[in-house]
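Novice: here are the coordinates; sequence isn't available:
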DNA sequence: CTATTTTCATTTGTCCGACAAATGGGCATA
DNA sequence: TATGCCCATTTGTCGGACAAATGAAAATAG
């Protein structure tokens, strides 16, 4: 046997090539979000492969979030949406035995950037959305499930207000994993809901008055509150997320 | 038409249910990385659906990176790997017309966290890896392509040294997009390579002496250098990444 | 008896043809 | 005009089929 002279040759499967071809069209901009990719019969004709093969290719793209079929009908290109990506990242974190400390540490940094950016870039509609969220949160103070969801949404709105989509994308996965625990905390710690709503109030006010120091103080406090609440609820911050998450059905979680 | 009383009913497709069922097994830990999922015929028997349907389900999981088929043979569960995720996120950024300013701003924050964490948690092998990278970089000072790759790797090593996988995952996508531009900068700006290597040197030293202030100064300088170089190379930081990326073949990029 | 070659059963990738259900549009009817 | 019905199109699923690749068992050569 001679030395390794040739690289391993791999023939891509036809369904893979179908997916790649369509993906190239999308990535190059020749197919724009909203455009119709065409019917399966059409793709069969163009690619010259069987419909089963086309369908397998479509499944690949579907899972990538590049195309979507609405209500069993025409296939069209998706606007870039990060949700499916975020859920996939969250799954990777669960599988990777990531601990809540890691999520907490990253969240602190990302949320500080979030609120800092919001102070610089928040427009009126951003602030209005935050206020609306706050109004609902005050109303939902007694409903941990709803409050947790509103909290998640509050921070998503904050990131959006910061006007940095890289940040939005970077923070989403850990946010997805924190959400269910926020509910757990509000259930176990009586003053949890109040402190959460109070912190949000101060954050909104700081953004409105463009007071960055005040914002950072309250964001730090808010995130640390989460940690304290988590521990007060009897959980260990060093434990892998999987241990907390596993009792919840994946369906509610990653969506 | 009355108010929206009912939620939309969605019947999941069979291939989707196949994928979900296998995914649940993986996420719950009943199927572990490396385990064999079984042959298609077996799945056909267990799920009671057609092979085409099973195959479509497998395609979904394949693209999620949860399962893999090696060399046309048995299907087995993948170890959680972030690379395919990062590349997909990068694609989403390209499609979303994310600008280099957004990437730059996020990178600054994330890299500061990275180096801060490295100072707290870097072990000997981490530092050794960084030194090794540095040695190679000094050697490759005249080769922009190789230097850019080493720079990317340097920052990946740094994130790993910080011991936070959430951070690793969060920073990877933007890092993937910065890499090709680093090469471009080193080609256009004569002193670029030297400044890059110098900054890395100071960063390593700061980590070894656990000097956080020094580290943050040099990281900030390093990231700002990138920005200046980018502009010196005649590019506008407000332009969407797609305009810079598009001339490179996607193959080299996302891998 | 060991090393190589030759079957041989499995499994995947692809293809073909088929049908029920859902969808959307046109047409007839009230 | 608004409603219901019919029909072509398209998707989701099914059954069966075959070539190529793979790995292992069996046969052969040394």
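Specialist: Looks like it arrived, so ask away. Keep in mind it's a predicted model, so treat the numbers as computed, not measured. Residues are numbered from 1 along each chain as shown, chains lettered A, B, ... in the order given.
Novice: okay, residue A:79: pLDDT?
Specialist: Looking at residue A:79, its pLDDT reads 79.
Novice: what helix or strand is it located in?
Specialist: Following DSSP states H and E, there is no helix or strand that holds residue A:79.
Novice: surely it is in contact with residue A:33?
Specialist: Yes. Using CB atoms under 8 Å, residue A:79 is in contact with residue A:33, at 4.1 Å. Using the backbone N, CA and C atoms, a C-beta is placed for each residue, glycine as well.
Novice: more neighbours: which of those two?
Specialist: residue A:33 (15 against 12; other CB atoms under 10 Å in any protein chain shown).
Novice: doesn't the more buried one fall inside a strand?
Specialist: No. Applying DSSP: H, G, I helix; E, B strand; the rest coil, one finds residue A:33 to be coil, outside a strand.
Novice: now do the contacts for the residue of the stretch 1-150 of chain A found nearest DNA strand C.
Specialist: Relative to DNA strand C, the nearest point of the stretch 1-150 of chain A is residue A:14 (2.8 Å; CB to the nearest atom of the strand). Contact analysis of residue A:14 by CB atoms under 8 Å, 6 or more residues apart in numbering or on different chains lists A:47, A:49, A:53, A:57.
Novice: go again with 7 Å.
Specialist: A:49, A:53 (CB atoms under 7 Å, 6 or more residues apart in numbering or on different chains).
Novice: please state the backbone phi and psi of the closest residue to residue A:100 other than its chain neighbours?
Specialist: Spatial nearest neighbour of residue A:100, excluding adjacent residues (CB to CB, 6 or more residues apart in numbering or on different chains): residue A:237 at 4.8 Å. Here is the backbone geometry of residue A:237 (degrees, to the nearest 10): phi -70, psi -10.
Novice: count of neighbours near residue A:237?
Specialist: Other residues close to residue A:237 by other CB under 10 Å number 16.
Novice: how much space between it and residue A:179?
Specialist: Separation of residue A:237 from residue A:179 (CB to CB, to the nearest Å) stands at 16 Å.
Novice: got it, and residue A:98?
Specialist: Residue A:98 is 15 Å from residue A:179, where distance means CB to CB.
Novice: of these two, which one has the most company?
Specialist: Neighbours were counted for residue A:98 and for residue A:179 using other CB under 10 Å; residue A:98 has more, 25 against 19.
Novice: so the more buried one sits against residue A:239, correct?
Specialist: No. Here residue A:98 lies out of contact with residue A:239, judged by CB atoms under 7 Å, at a distance of 10.4 Å.
Novice: C-terminal to whichever strand or helix holds residue A:88, what's the next element?
Specialist: Element membership for residue A:88, per DSSP H and E: helix A:83-95. Where DSSP H and E defines the elements, the next helix or strand beyond helix A:83-95 is helix A:100-121.
Novice: flag every buried residue along that next one.
Specialist: Residues of helix A:100-121 classed as buried by neighbour count (16 or more other CB atoms under 10 Å in any protein chain shown): A:100-119.
Novice: by contact count, what packs against that helix?
Specialist: Applying 3 or more CB pairs under 7 Å, 6 or more residues apart in numbering or on different chains; DSSP states H and E, one finds that helix A:100-121 contacts helix A:144-161, helix A:165-188, helix A:192-208, helix A:212-232, helix B:100-121, helix B:165-188.
Novice: any chance you could list what contacts the fourth one?
Specialist: The set of residues that contact helix A:212-232 without belonging to it, under CB under 7 Å, 6+ apart, is A:100, A:104, A:107-108, A:111-112, A:115-116, A:119, A:178, A:181-182, A:185, A:188-189, A:192, A:195, A:199, A:202-203, A:206-207, A:237.
Novice: low-confidence ranges in the stretch 1-150 of chain A?
Specialist: A:1-9, A:71-72 (pLDDT under 70).
Novice: again, only this time at 50
Specialist: Within the stretch 1-150 of chain A, the set of residues satisfying pLDDT under 50 comprises A:1-3.
Novice: what parts of it come near DNA strand D?
Specialist: Proximity of the stretch 1-150 of chain A to DNA strand D, by CB under 7 Å from any atom of the strand, involves residues A:39, A:40, A:41, A:51, A:52, A:55, A:69, A:72, A:73, A:74, A:75.
Novice: which SS class is residue A:76?
Specialist: Assignment for residue A:76 (three-state DSSP): strand.
Novice: what about it, distance to residue A:176?
Specialist: As judged by CB to CB, residue A:76 and residue A:176 stand 26 Å apart.
Novice: neighbour count: these two, which is higher?
Specialist: Per other CB under 10 Å, whichever of residue A:76 and residue A:176 has more neighbours is residue A:176, with 21 against 18.
Novice: wait, that one sits on residue A:89?
Specialist: No. Applying CB under 7 Å, one finds residue A:176 not in contact with residue A:89, separated by 8.1 Å.
Novice: does residue A:153 really touch residue A:132, like I thought?
Specialist: No. Judged on CB under 7 Å, residue A:153 makes no contact with residue A:132 at a distance of 10.0 Å.
Novice: the more surrounded of these two?
Specialist: Shown here are residue A:153 and residue A:132; by other CB under 10 Å, residue A:153 has more neighbours (18 against 12).
Novice: grab the nearest non-local neighbour of the more buried one.
Specialist: residue A:133 is the one closest to residue A:153 (CB to CB, 6+ apart), at 5.9 Å.
Novice: name the element the one you found belongs to?
Specialist: Applying DSSP H and E, one finds residue A:133 within helix A:124-139.
Novice: elements contacting that helix?
Specialist: helix A:144-161, helix A:192-208.
Novice: the inter-axis angle of it versus helix A:144-161?
Specialist: 170 degrees (axes from the mean of the first three to the mean of the last three CA atoms, to 10 degrees).
Novice: got a list of contacts for helix A:124-139?
Specialist: A:147, A:150, A:153-154, A:157, A:160-161, A:197, A:200-201, A:204, A:207-208.
Novice: the nearest residue to residue A:66 once chain neighbours are set aside and residue B:16: what is the separation?
Specialist: Using CB to CB, 6+ apart and skipping the chain neighbours, the partner closest in space to residue A:66 is residue A:26 (5.5 Å). The gap separating residue A:26 from residue B:16 is 22 Å, by CB to CB.
Novice: which one's more surrounded, those two?
Specialist: Higher neighbour count among residue A:26 and residue B:16: residue A:26, with 22 against 17, using other CB under 10 Å.
Novice: does that one touch residue A:68 like I think?
Specialist: No. Between residue A:26 and residue A:68 there is no contact under CB under 7 Å: 11.8 Å.
Novice: ok, for residue A:155, nearest residue in space, not its chain neighbours?
Specialist: Per CB to CB, 6+ apart, closest to residue A:155 is residue A:175, 5.9 Å.
Novice: dump the residue contacts of residue A:178.
Specialist: Neighbours of residue A:178 in contact, by CB under 7 Å, 6+ apart: A:103, A:107, A:226.
Novice: perfect, that will be all.
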